[in-house]
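Chemist: Kindly return the folded structure for what I paste below:
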Amino acid sequence: MVESFIDNAREKFSIDDDIYGNIMIAITEAVNNAIKHGNKEEKGKNVQLSVIFNDKSLRFLIEDEGKGFDYKNLADPTAPANINKPGGRGIFLIKHLSDEVNFSKNGSLVEIVFYM
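Modeler: Okay, here's the model as predicted:
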């Protein structure tokens, strides 16, 4: 569903190939985090995905029904103590693939921005 949503946005807003891959990876990772960590994989909970387009940016909003998380104190996945851990790279990856990441609602709403 996420890939289809992004592909539709790509067509509707003429997203360039050079940022399409970054958008696909970052948004898919954010939705997966919302499902797994935010909603704790509870089938009755939903994740909202929307996009806002203007001539300067694409803003993706991903919101889960969870309690949020401490997004201000995330472990550095590149630190020697964390380098071999299997998880903990999602937010790091999202921040490096996008131009801007903003959290609100205690971390249950993330805005991922790509400048055009």
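Chemist: can you map out the strands along the chain?
Modeler: 48-53, 57-63, 100-104, 109-115 (DSSP state E).
Chemist: the helices in the protein, which residues?
Modeler: Applying DSSP state H to the chain gives helices spanning 2-13, 17-33, 90-97.
Chemist: State the number of residues packed around Ile94.
Modeler: Using other Cβ atoms under 10 Å, Ile94 has 21 neighbouring residues. C-beta coordinates here come from the backbone N, C-alpha and C atoms, glycine included.
Chemist: Let me see the contact set for it.
Modeler: 26, 29-30, 101, 110, 112 (Cβ atoms under 8 Å, 6 or more residues apart in numbering).
Chemist: in the sheet, who's paired with the residue lying closest to Ala9 once chain neighbours are set aside?
Modeler: Closest residue to Ala9 in three dimensions, ignoring its sequence neighbours and counting by Cβ to Cβ, 6 or more residues apart in numbering: Val51, at 5.2 Å. Going by DSSP bridges, Val51 is paired in beta bridges with Phe60.
Chemist: My guess is Val51 contacts Ser57. True?
Modeler: No. Val51 is beyond contact range of Ser57, at 10.3 Å (criterion: Cβ atoms under 8 Å).
Chemist: Same drill for those two, tell me which one is more crowded.
Modeler: Val51 (18 against 13).
Chemist: Which among the helices of the chain is found nearest to Lys72?
Modeler: helix 90-97 (11.0 Å; Cβ to Cβ).
Chemist: Show me which residues of the closest one are buried.
Modeler: Buried residues in helix 90-97, counted by 16 or more other Cβ atoms under 10 Å: 90-92, 94, 97.
Chemist: for it, the distance to its chain's centre please.
Modeler: 8 Å (Cα atoms, centre = their mean, to the nearest Å).
Chemist: for stretch 109-116, same thing?
Modeler: Relative to the centre of its chain, stretch 109-116 is centred 8 Å away, using Cα atoms, centre = their mean.
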